[in-house]
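>>> Below are the sequence and a predicted model; questions follow.
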Amino acid sequence: DTRLIAYVVTTGDLPPADELRTFLRSTLTDHQIPSIFIELAALPTNANGKLDRNALPAPDTSRPELSGGYQPPRTATEEVLTGIWADLLDLDRVGITDNFFDLGGHSLLATQAITRTRTALNTQLPVAALFDNPTVATLAAAVDATTTDPATPPITPTDRNRPLPLSFAQQRLWFLDQLEPGSSEYNLSAFVVFDGPVDPAVLAAALTALVERHEILRTRLAIGPDGVASQIVDPPAPVPLATADTFGEERPFDLAEGPLLRATLVRSVLMLSMHHTICDEWSINVLRSEVRALYAAFAAGSPNPLPPLPIQYADYAAWQRQWFTGRLRDAQLEYWRAQLADPPVLNLPTDRPRPAVRSSDGGLVHFSIPAPVTADLRALSRRNGTTMFMTLLAVYTVLLHHHTGQDDLIVGTPIANRNHPDTEPLIGLFVNTLALRTRLDDDPTFTELLSRVRATALNAYTNAELPFEQLVHQFVRDRDRSRTPLVQTVFMYITREVAAAEQDSRQGDAPARMDLTLAVSEADDGLNGSLGYSRALFDEATIERMAGHLTTLVERLAATPDVPVSQVPFLTPQEERRLRELNETHVDLSGAAPVHELFAARAQTHPDSIAVICGEKTLTYAELFERAVRLSGHLRGLGVGAESVVGLCLERGNDVVVSMLAVW
């Protein structure tokens, strides 16, 4: 249950829930807004005076705050949509005038809602439709107005008597592993923290049940007799659980030999190491949840509580190969051809020359955005109909624009790519990368840029099934091993729930899969961010300055969104102060001698010292001053005096210095 419940103790009448939501939306994200409000005379406490959570009343999923305003579905389309929303939002019922985002929906749930709508109603409605039609009534009208396309074919179990193909994403990572064998760049780690001591035998049994449930966790990637790599699913077997006092260094995986999963228990923390070919970030959340459920059940002597899976990852890979061809592939490819024609290469100024072969040695710089600035950013997002992801992507684009001077930029972003309901409970590599291109050559205001980024993101979501690997194949003709193809920087926005689940997983630095990677996550007191960078290219101090520029831009763009982005200062207050100091040209010279008098004094004290050298010709101070005095007398004879302007037109040499001194 992922709903947020507000238990409110008041001295008077509780304001209507919609008024509370209106107030909260000005400062909170969709994830933080409670779905249910329950009024209490007092909070229940235990004998120690602490809050007794078990005594709090259970939420009423019928949403009594909407009693009297509930409007039931009128058509078959509305009936289907209310059912989908109620299931996703964990509510007993949804009215046709209820707002999806007011009920607790957010971007990820919106994607799931559209995915289920496509499957249930045989329509290819884009994700943008839900942003534009956030109620059941308006979305149903949009569904009914669309042309029905052939339904997405179901994912069915594939024939296991023939080689199981790799998914497109697996194929790319397998190729990279062949290119650089023995690399641990694509190792992933998941940490599961238990409350209290852990029974290793019970945990090992839970892991064995997990691996039996998900074929992908016992899958290897090997080359067959035909020279083509395929998935090899090994039979279920007990999972070795290592115990240690500390977590050791990550070791590379052998994709052909396997296993591609390792488990280590350090006191009450389980670390699962996996190769990226069998897992992604969504999968890690599934994995954590199922490990905890299995361990709790087995520790209590209960059977496996998890329902059987209708399909496995290998079935999805075969389905993807068969389904994503023909008209669908061509239509999406046509969109990306227009979007990514002649793609730019990100040219950040680096501290060192770029090596011939990209290095994965990475560093990480952390920063934070305070709560008041975050609130301003959220308010700006709501005014412009953007998500926090879109708004922060626009800020990051401005940062890259200032640092590179480029008006045409591509930023990559990962998406879950679970566009079929049957893929939601699976572990495996589904994630896809979207290449989002933004142009700033007309120097837009930040408000205009937000609109531009919103449209780009929503259009990309509509064409998100095309694997990134195929984009690379289409648009990158000359492979450069010093850079990642097509996308050299990535931006990720991490919701509160995912950030909390991954809190124990972020330990130390991560491999540099890009030149620069920005990750921003929601926190109780604002936003937390990190800039991952390639140590082969950048010093840590450079990235720290860049993080400072980003936080400055967030604050200033949120406060002045209608100013052209080129005019928004991005230097930190400390840098601006230092710049003013360096450019302070007013100096009191009232007590200083003029330059020609300083030369005369030097000629008196060090007449034979060399003053000017040009090639093989030299002048001592005495010679320089004597020639300058003679020339100055000649100039006076021509009428030159104070404030006269004398132009010099001479070849580079000693005479230039003599002439300047003579004029002074």
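All right, it came through fine. Residues are numbered from 1 along each chain as shown.
>>> Residue nearest the middle of the protein, spatially speaking?
The residue at the geometric middle of the chain, judged as the C-alpha nearest the mean C-alpha position with C-alpha atoms, centre = their mean, is residue 492 (1.2 Å).
>>> Surely that one and residue 513 touch.
No - taking contacts as C-beta atoms under 8 Å, residue 492 lies outside contact range of residue 513: 11.7 Å. Just so you know, the C-beta spots here come from the backbone N, C-alpha and C atoms, and that holds for glycine as well.
>>> average model confidence for stretch 240-250?
Computed over stretch 240-250, the mean pLDDT rounds to 87.
>>> Now that stretch: buried residues?
Using 16 or more other C-beta atoms under 10 Å as the burial criterion, the residues of stretch 240-250 that qualify are residue 241.
>>> cool, stretch 575-588 as well?
Counting neighbours by 16+ other C-beta under 10 Å, stretch 575-588 gives no buried residue.
>>> Name the residues of stretch 187-205 that come out as buried.
By neighbour count on 16+ other C-beta under 10 Å, the buried set for stretch 187-205 is 187-192, 194, 198, 202-205.
>>> just the CA coordinates of that stretch, formatted as PDB?
Presented in PDB, the C-alpha positions along stretch 187-205 are these (Å, rounded to 0.1, in the frame of the first residue of the first chain):
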ATOM      1  CA  ASN A 187      27.500  -4.500 -12.200                       C
ATOM      2  CA  LEU A 188      24.500  -3.500 -10.100                       C
ATOM      3  CA  SER A 189      24.000  -3.800  -6.400                       C
ATOM      4  CA  ALA A 190      20.800  -4.000  -4.300                       C
ATOM      5  CA  PHE A 191      20.800  -3.800  -0.600                       C
ATOM      6  CA  VAL A 192      18.000  -5.200   1.500                       C
ATOM      7  CA  VAL A 193      18.000  -4.000   5.100                       C
ATOM      8  CA  PHE A 194      16.300  -6.200   7.700                       C
ATOM      9  CA  ASP A 195      15.100  -5.100  11.200                       C
ATOM     10  CA  GLY A 196      16.900  -7.200  13.700                       C
ATOM     11  CA  PRO A 197      19.000 -10.400  13.300                       C
ATOM     12  CA  VAL A 198      18.700 -12.500  10.200                       C
ATOM     13  CA  ASP A 199      18.600 -16.300  10.000                       C
ATOM     14  CA  PRO A 200      21.000 -17.100   7.100                       C
ATOM     15  CA  ALA A 201      19.300 -20.500   6.500                       C
ATOM     16  CA  VAL A 202      15.900 -18.900   6.100                       C
ATOM     17  CA  LEU A 203      17.300 -16.100   3.900                       C
ATOM     18  CA  ALA A 204      19.100 -18.700   1.700                       C
ATOM     19  CA  ALA A 205      15.800 -20.500   1.300                       C
END
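>>> who's in contact with that stretch?
Outside stretch 187-205, the residues that touch it by C-beta atoms under 8 Å, 6 or more residues apart in numbering are 238-241, 243, 250, 252-253, 263, 265, 267-276, 279-280, 284, 287-288, 291-292, 294-295, 298-299, 504-505, 507, 511.
>>> One more: stretch 452-463?
Looking at stretch 452-463 with C-beta under 8 Å, 6+ apart, the contacting residues turn out to be 111, 126-128, 131, 331-332, 335-336, 339, 384-386, 389-390, 393-394, 397, 415, 434-439, 444.
>>> ok, now stretch 371-386?
With C-beta under 8 Å, 6+ apart as the contact definition, stretch 371-386 has outside contacts at 25-29, 131, 369, 387-388, 390-392, 394, 447, 450-451, 453-454, 525-527, 551, 554-555, 558-559, 561.
>>> Narrow those residues to those that are buried.
Taking 16+ other C-beta under 10 Å as the criterion, what is buried in the contacts of stretch 371-386 is 25, 28-29, 131, 369, 387-388, 390-392, 394, 447, 450-451, 453-454, 526-527, 551, 554-555, 558, 561.
>>> ok, and residue 130, which helix or strand is that part of?
Using DSSP states H and E, residue 130 sits within helix 128-132.
>>> Please apply the same query to residue 82.
When secondary structure is defined using DSSP H and E, the element that contains residue 82 is helix 76-89.
>>> after that helix comes which helix or strand?
Downstream of helix 76-89, the first helix or strand assigned by DSSP H and E is helix 107-121.
>>> coming back round to it: bridged to the residue nearest to the centre of the chain, which residues?
Here residue 492 sits in beta bridges with residue 519, as judged by DSSP bridges.
>>> all numbers from here: first residue = 24
Renumbered: residue one is now 24, and that last one reads residue 515.
>>> any idea how far residue 439 is from it?
When distance is defined by C-beta to C-beta, to the nearest Å, residue 515 is 12 Å away from residue 439.
>>> do the same with residue 685
Between residue 685 and residue 439 the distance, using C-beta to C-beta, works out to 77 Å.
>>> Comparing those two, which shows the higher neighbour count?
Comparing residue 685 with residue 439 by other C-beta atoms under 10 Å, the one with more neighbours is residue 685, at 22 against 19.
>>> how about the more buried one, what does it touch?
If a contact means C-beta under 8 Å, 6+ apart, then residue 685 has 650-652, 654-655, 658 as its contacts.
>>> try 10 Å this time
619, 650-659, 663, 669, 671, 678 (C-beta atoms under 10 Å, 6 or more residues apart in numbering).
>>> Kindly report the same for residue 668.
If you count contacts by C-beta under 10 Å, 6+ apart, then residue 668 has residue 686 around it.
>>> Return the angle between stretch directions for the helix holding residue 105 and helix 130-144.
Here helix 99-112 runs at 140 degrees with respect to helix 130-144, directions being taken by axes from the mean of the first three to the mean of the last three C-alpha atoms, to 10 degrees.
>>> Next, the buried residues of helix 99-112.
Along helix 99-112, these residues count as buried under the neighbour rule (16+ other C-beta under 10 Å): 100-101, 103-105, 107-109, 111-112.
>>> and it, how far from the chain's centre?
Taking C-alpha atoms, centre = their mean, to the nearest Å, one finds helix 99-112 lying 31 Å from the centre of the chain it belongs to.
>>> Could you list every helix and strand in contact with that helix?
Contacts of helix 99-112 with other secondary structure elements, assessed using 3 or more C-beta pairs under 10 Å, 6 or more residues apart in numbering; DSSP states H and E, are made with helix 130-144, helix 159-168.
>>> Now do it and helix 159-168, the angle between them.
What separates the directions of helix 99-112 and helix 159-168 is an angle of 120 degrees, with the same axes, to 10 degrees.
>>> average pLDDT for helix 99-112?
86.
>>> What of stretch 430-444?
Taken as a whole, stretch 430-444 has an average pLDDT of 91.
>>> What's the end-to-end length of it?
The straight-line separation of the ends of stretch 430-444 (C-alpha to C-alpha, to the nearest Å) is 39 Å.
>>> quick one, helices of the stretch 574-687 of the chain?
Counting by DSSP state H, counting those that start in this stretch, the stretch 574-687 of the chain forms helices over residues 596-605, 618-628, 644-660, 677-686, given from the N-terminal end onward.
>>> same question, the stretch 274-423 of the chain
In the stretch 274-423 of the chain, the segments counted as helices under DSSP H, counting those that start in this stretch are 304-322, 336-346, 349-363, 394-406, 411-427.
>>> Great, nothing more from me.
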